[in-house]
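> Quick one: sequence and predicted model below, then my questions.
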Amino acid sequence: MPLQALLWEFRFPQFVERCRQRYGDTFIVNLPVSGKVVSICDPDLIRTVFADHGDRMHAGEANHVLEPALGSHSVLLLDGTEHMRQRRLMLPSFRGDRMQRYSTLMTDITAHEVDRWPLHRAFPLRPSMQAITLQVILRAVFGLREGAVLTQLRDRISRLLELGQASRLSLIPQLHRDFGPIRTWSRWLELRGVVDEALYGEIRRRRAAPDLAERDDVLSLLLLARDEQGEAMTDVELRDQLMTLLLAGHETTATSLAWFFDLVLHEPAVEQRLHRDLAEGSTRYLEATIKETMRLRPVVPFIARRLTEPVQIGSYRIPAGMVLVPSIYLTHHRADIYPEPEQLRPERFLDGRTDTLSWLPFGGGIRRCLGASFASYEMRVVVPEILRRVRLRSASPKREAIRKRSVTLTPARDTRVIADERLT
Ligand code: HEM
């Protein structure tokens, strides 16, 4: 692997910061799978990307390495009219005003998980956040009720994710085959088959459910959704969107929660004000703190668009075929927009506003994260519930280092914390 690719993979923040210092806001990195990618972090240039309607810039094509897991109908992998069709079918299920209905579910799942935490000894928070967000997706999105089907699907999915993660399978197409006796790829395909079987089983059962029209989970809504021609989604399309929502939705939110606690537990003034505001019944500071932690530690550090024709980006003419990479990480660390960018300062967002071209943890334009309202709402429910139930402190003297895990940036030690006392 060329040096640049190794640095991108294993020293991401340091590497891109150094590139920016040396070459400016726009620079090229040579990567093995994508080829030459052009990193940008100037809001004016990012505007060009978010204004594109999918004719000149293809996000789906740039994400194609995810196809074995997500399936070829996944909204993340499609471009053009097919992408817009799937996206329109899915959008109503994720509208912000629908989210309150998941509040009790999210609170109960959090309470159940927190009550299992050990007292007085260090443990990693991120896996626990992941248990919460996986359960939330299975209940709120898939609409599974507690019972054997949920337990079985959760176990199968966890095994599939673990194997993919451990072997970095998902992002390296060269690993999509067996190497003699090392049959990781075959094992992964087998596990995927078992997960698919469970997903198709659930889709079939739900189609036939007598209470389908009264249910408020996302799968039931997707089953009832119709496109402009009056067509419903096929089973394969539904399977691919479920897998996409699962993979795009639960680790990202869990990692964001883990970063939230890593940052806040190292900033006593922020932590105290958060407790005070919540005790007074206000969520303004909580919301600002969530936005600020997502700025300082964006879980998805960049997005990607493959150009279908040459595009003028500032003073550069980028040829067709190259990948344009708006850098969320670098944009969020611009000192001209966020003075002292390494400082955690929720006050930056206290007026409730965010600029779509300089605060972009969920990407933007016609590809903006479909689950942005869902994830933000989930964080607004999970964080106060945790703070209400236990007194937490960090087990590390300093903020955790940043580690790149496939397409996300995670706390290197998974946010090690100690629960000192139960408060309920
Ligand atoms: C903190 C949590 C999350 C973060 C940081 C995040 C971030 C992102 C980003 C950066 C994109 C790409 C946007 C672009 O290319 O411009 C994206 C796309 C997407 N996300 Fe999220 N996401 C999160 C949670 C979720 C959740 C909870 C769901 C669903 C349950 C979800 C579903 C999706 C889908 C379906 C897309 C593809 C949209 C499209 O291509 O049209 N995400 N997300």
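Sure, I can see it.

> how about low-confidence regions in this structure?
Within the chain, the set of residues satisfying pLDDT under 70 comprises 1, 166-171.

> one more time with 50
Per-residue confidence for the chain (pLDDT under 50) gives no ranges below the cut-off.

> remind me, longest helix of it?
helix 235-264 (DSSP state H).

> C-terminal to it, what's the next element?
Per DSSP states H and E, helix 235-264 leads on to helix 268-279 as the next helix or strand towards the C-terminus.

> Any buried residues in that following helix, and which?
By neighbour count on 16 or more other CB atoms under 10 Å, the buried set for helix 268-279 is Val270, Glu271, Arg273, Leu274, Asp277, Leu278. To be clear about C-beta, it is placed using only N, CA and C from the backbone, and glycine gets the same treatment.

> give the contact list for the last one.
Listed by CB atoms under 8 Å, 6 or more residues apart in numbering, the contact partners of Leu278 are Tyr285, Leu286, Pro384, Leu387, Arg388.

> Name the helix or strand for the second one, please.
It stands for Leu286. helix 284-296.

> residues from the stretch 1-150 of the chain in reach of the ligand?
Within the stretch 1-150 of the chain, the positions adjacent to the ligand are Ala59, Val75, Leu76, Arg87, Val141 by CB under 6 Å from any ligand atom.

> hmm, try it at 8 Å
Residues of the stretch 1-150 of the chain lying near the ligand by CB under 8 Å from any ligand atom: 50, 59-60, 63, 75-76, 78, 83, 86-87, 90, 94, 133, 137, 141.

> Likewise for the stretch 201-350 of the chain?
218, 241, 244-246, 248-250, 252-253, 255-256, 294, 298-300, 303-305, 326, 328.

> Please report the distance of Leu296 from Leu344.
6 Å (CB to CB, to the nearest Å).

> Quickly list what's touching both of the two.
Leu263.

> For Thr331, see how far away the residue nearest to Leu265 when sequence neighbours are not counted is.
For Leu265, ignoring the flanking residues on the chain, the nearest one in space by CB to CB, 6 or more residues apart in numbering is Ser394 at 4.0 Å. Going from Ser394 to Thr331 by CB to CB gives 27 Å.

> Comparing the two, which residue is more hemmed in?
More crowded of Ser394 and Thr331, by other CB atoms under 10 Å: Thr331, with 24 against 20.

> What helices and strands are in contact with the helix or strand hosting the more buried one?
Secondary structure assignment for Thr331, by DSSP H and E: helix 328-332. On a contact count with 3 or more CB pairs under 8 Å, 6 or more residues apart in numbering; DSSP states H and E, helix 328-332 meets helix 12-23.

> buried stuff in the helix it packs on?
For helix 12-23, by 16+ other CB under 10 Å, it's Phe12, Pro13, Phe15, Val16, Cys19, Arg20.

> thinking again about what came up before, of all the buried residues of helix 268-279, which comes closest to Leu153?
Leu153 has its nearest neighbour among those in Leu278, at 34.3 Å by CB to CB.

> Return the residues in contact with Ile46.
Neighbour list for Ile46: Ile40, Pro326, Thr331, Leu357, Leu360, Gly364 [criterion: CB under 8 Å, 6+ apart].

> whoops, Leu350 was the one
Under the criterion of CB under 8 Å, 6+ apart, the neighbours of Leu350 are Arg284, Tyr285, Ala288.

> Narrow those residues to just the buried residues.
Among the contacts of Leu350, those buried by neighbour count (16+ other CB under 10 Å) are Tyr285, Ala288.
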